[in-house]
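J.: Compute the structure for the input listed below.
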Amino acid sequence: MTTPNPQTPGQPAPHFGTPGGWGSVPPPPVKSPMRKKAWLTHGAVGLVALVIGAASGGSDGEGTDGSAGAGAKPGPTVTVTATAGAAPAPTVTKTQPAKPAKTEEAGPASSFEGDGEYLVGEDVKAGTYRTAGSDGAFGCYWERAKDSSGEFDSIIANENLKGSGRVTLKKGEIFKTNRCKEWKKVG
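T.: Numbers count the residues shown, from 1 in each chain. Take a look at the predicted model:
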């Protein structure tokens, strides 16, 4: 069955929604600004909830026994800020841990206490050291030795100081000091 064409030659085609047309089509719905604002608000709230949920529900580096995971580092902090107005964009702030201040590498010291036994090259650096002298009434004693045996034959050099003094230490020697003020490297 064929439908006759209501258009007669020479006449314009009928339009929908006009009187005498084939039918009437309702106009498209108008979106109110309140609906758009509600969508933005709900979207922003959902995004913030997602970020907070991911941050709090993520792995914190702890195992099942409560011990911290090896090498666990804190992750960046994410801040989302929603602004009022048309098409707000979230602001993301990444916070990174501060770099620690540079410190001297661990190793032999260049100054040390006036009482003790030190291995030169491991406990203290090789070089020339100075002390202000005795820290008591009995004088300052120092000794350079080949080893820590305490035998008389292991002594390379020694001295009892009444005032300030200097000594040059070589790597591998044992340096013993008693009743002396602090030794400081001077060369």
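J.: Name every strand pairing with whichever strand or helix holds residue 118 and say which way it goes.
T.: Per DSSP states H and E, residue 118 falls inside strand 116-119. Strand 116-119 sits in its sheet next to strand 174-178 (antiparallel), going by DSSP bridges.
J.: What are the contacting residues of the strand it pairs with?
T.: For strand 174-178, the external contacting residues (C-beta atoms under 8 Å, 6 or more residues apart in numbering) are 113-120, 124, 131, 140-148, 154, 167, 169, 183. C-beta here means a position set from N, CA and C on the backbone, and glycine is covered the same way.
J.: pLDDT of that strand, averaged?
T.: When pLDDT is averaged along strand 174-178, the result is 93.
J.: Flag every buried residue along the helix or strand following that strand.
T.: Per DSSP H and E, the first helix or strand lying C-terminal to strand 174-178 is strand 183-185. Judged by neighbour count using 16 or more other C-beta atoms under 10 Å, the buried positions of strand 183-185 are 183, 185.
J.: got the contact list for strand 183-185?
T.: Outside strand 183-185, the residues that touch it by C-beta under 8 Å, 6+ apart are 110-114, 124-125, 127-131, 167, 177.
J.: Parallel or antiparallel, which strands does it pair with?
T.: Looking at strand 183-185 with DSSP bridges, its partner strands are strand 111-112 (antiparallel), strand 127-131 (antiparallel).
J.: deepest of those, which one?
T.: strand 127-131 (a mean of 18; mean count of other C-beta atoms under 10 Å).
J.: Name only those of the contacts of strand 174-178 that count as buried.
T.: 114, 118, 120, 124, 131, 140-145, 167, 169, 183.
J.: Restricted to strands, list those residues.
T.: Counting by DSSP state E, the part of those found in strands is 118, 131, 140-145, 167, 169, 183.
J.: Export the residues you listed to JSON lines and append columns for pLDDT and distance to residue 97.
T.: Compiled in JSON lines, those are given as follows (pLDDT from 0 to 100; distance: C-beta to C-beta, whole Å):
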{"residue": "118", "pLDDT": "92", "distance to residue 97": "37"}
{"residue": "131", "pLDDT": "92", "distance to residue 97": "42"}
{"residue": "140", "pLDDT": "91", "distance to residue 97": "47"}
{"residue": "141", "pLDDT": "92", "distance to residue 97": "49"}
{"residue": "142", "pLDDT": "93", "distance to residue 97": "46"}
{"residue": "143", "pLDDT": "94", "distance to residue 97": "48"}
{"residue": "144", "pLDDT": "95", "distance to residue 97": "46"}
{"residue": "145", "pLDDT": "95", "distance to residue 97": "47"}
{"residue": "167", "pLDDT": "94", "distance to residue 97": "45"}
{"residue": "169", "pLDDT": "94", "distance to residue 97": "41"}
{"residue": "183", "pLDDT": "91", "distance to residue 97": "38"}
